[in-house]
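# give me a 3D structure for the following:
(one chain, ligands or ions: 2)
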Amino acid sequence: MSDIRVAIAGASGRMGRMLIEAALKEEGVVLAAAFDRPGTPFVGRDAGEMAGVATGVMIGDDARVAIAAADCVIDFTRPEGTLVHLALARELGRAMVIGTTGFDAAGKAAIAQAGREIPVVFAPNMAVGVNAVFRLLEVAARILSEGYDVEVIEAHHRFKVDAPSGTALRMGEVVARELGRSLDACAIYGREGHTGERKADTIGFSTIRGGDVVGDHTVLFAGIGERIEITHKSGSRMPYALGSMRAAKYLAGRGEGLFDMQDVLGLR
Ligand SMILES: NC(=O)C1=CN([C@@H]2O[C@H](COP(=O)(O)OP(=O)(O)OC[C@H]3O[C@@H](n4cnc5c(N)ncnc54)[C@H](OP(=O)(O)O)[C@@H]3O)[C@@H](O)[C@H]2O)C=CC1
Ligand SMILES: O=C(O)C1=N[C@H](C(=O)O)C[C@H](O)C1
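Ligands and ions are numbered 1, 2, ... in the order given. Model prediction:
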């Protein structure tokens, strides 16, 4: 199989930099382009500069030119940016890996629609460990389906703009599905004042924001007399970037379809 040529969106962002570093190291992946919003100070500089490598690939500000130069665009930006890049990938017939979180229902529908024309991996967390936790949660929810209250607790850095995290929401969805519930119907996103007793069959979410926390997630199953906690802690963003490289390679030569990291890792 020939190398997959990737374009990195949001090249100067926290994930963009990590993705460039990973793409430069990953066998079977070639960094074809890197781009960011017009006006971003890094536009016009070498994409490898922050990783201390001269690549000859300059950070551009024209998404169309960058996406056209690649087989696959990897996007960790913001929903509004990702949807513009998605439209370009559709028009140009390019594959796309989407790590951005915080989409509304219309955004998710646009991604599903694009998956009917181009190959797309869309996942709230590309780390192998988190995807293993999704499977562990299915087992835990099945065994602890009676008499245990489910709470999802997540912590992230002060710069994160969406809450709860995409990963926390997916954890809630995994548990809700296993328990035969709809997350939309049973999620509680905050408590304040006289809340009354906790209702059985709800799934609660708690969000912590502070400092430089990369990303911690815990699902708590709280019973009478015992508690079970399943926790994942990120110490670096590199596992997200390496997972994204696996996702890009998974899409190489593949036809249209909407996939997630469970597909990429063969966990279905
Ligand atoms: N799926 C996963 O495994 C992971 C997902 N994420 C998600 O990835 C996303 C990015 O996170 P992070 O790297 O920390 O964020 P940053 O804010 O550090 O980077 C975002 C980048 O996207 C650019 N950008 C912002 N808005 C737009 C837009 N409208 N159009 C085009 N580009 C835009 C920013 O440019 P500028 O600086 O000019 O605003 C910046 O370069 C978030 O949604 C986060 O939740 C993060 C880690 C792992
Ligand atoms: O914004 C982040 O940093 C992260 N976002 C993703 C999410 O919302 O789940 C993944 C990871 O937790 C880091």
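# contacts only, for the residue nearest to residue 149 when sequence neighbours are not counted.
Leaving out its chain neighbours, the residue that sits closest to residue 149 by C-beta to C-beta, 6 or more residues apart in numbering is residue 222, at 4.6 Å. Where you see a C-beta, it was placed from the backbone N, CA and C, and this is true even at glycine. By C-beta atoms under 8 Å, 6 or more residues apart in numbering, the contact list for residue 222 reads 148-151.
# and residue 250, how many residues sit next to it?
21 (other C-beta atoms under 10 Å).
# can you check residue 173 too?
Counted with other C-beta under 10 Å, the neighbours of residue 173 add up to 19.
# three-state assignment of it?
Reduced to three states with DSSP: H, G, I helix; E, B strand; the rest coil, the structure at residue 173 is helix.
# so it touches residue 183, yeah?
Yes: using C-beta atoms under 8 Å, residue 173 is in contact with residue 183, at 5.0 Å.
# now do the end-to-end distance for stretch 72-86.
11 Å (C-alpha to C-alpha, to the nearest Å).
# what comes up buried for it?
Judged by neighbour count (16 or more other C-beta atoms under 10 Å), stretch 72-86 contains these buried residues: 72-79, 81-83, 85-86.
# do that stretch and ligand 1 come into contact?
Yes: Stretch 72-86 reaches ligand 1 (C-beta under 6 Å from any ligand atom) through 76-78, 80-81.
# near ligand 2 at all, that stretch?
No: with C-beta under 6 Å from any ligand atom as the criterion, ligand 2 is not reached by stretch 72-86; the gap is at least 8.4 Å.
# what about that stretch, average pLDDT?
On average, the pLDDT along stretch 72-86 is 98.
# and it, how far from the chain's centre?
Relative to its chain's centre, stretch 72-86 lies at 12 Å (C-alpha atoms, centre = their mean, to the nearest Å).
# list of residues touching that stretch?
Residues contacting stretch 72-86 (C-beta under 8 Å, 6+ apart): 4-10, 13, 15-16, 19, 23, 37, 63, 66-67, 88-89, 94-100, 102-104, 107, 110-111, 114, 120, 161, 240, 244, 247-248, 251-252.
# switch the cut-off to 6 Å
4, 6-10, 15, 19, 63, 67, 89, 94-100, 102-103, 107, 110, 114, 244, 248, 251 (C-beta atoms under 6 Å, 6 or more residues apart in numbering).
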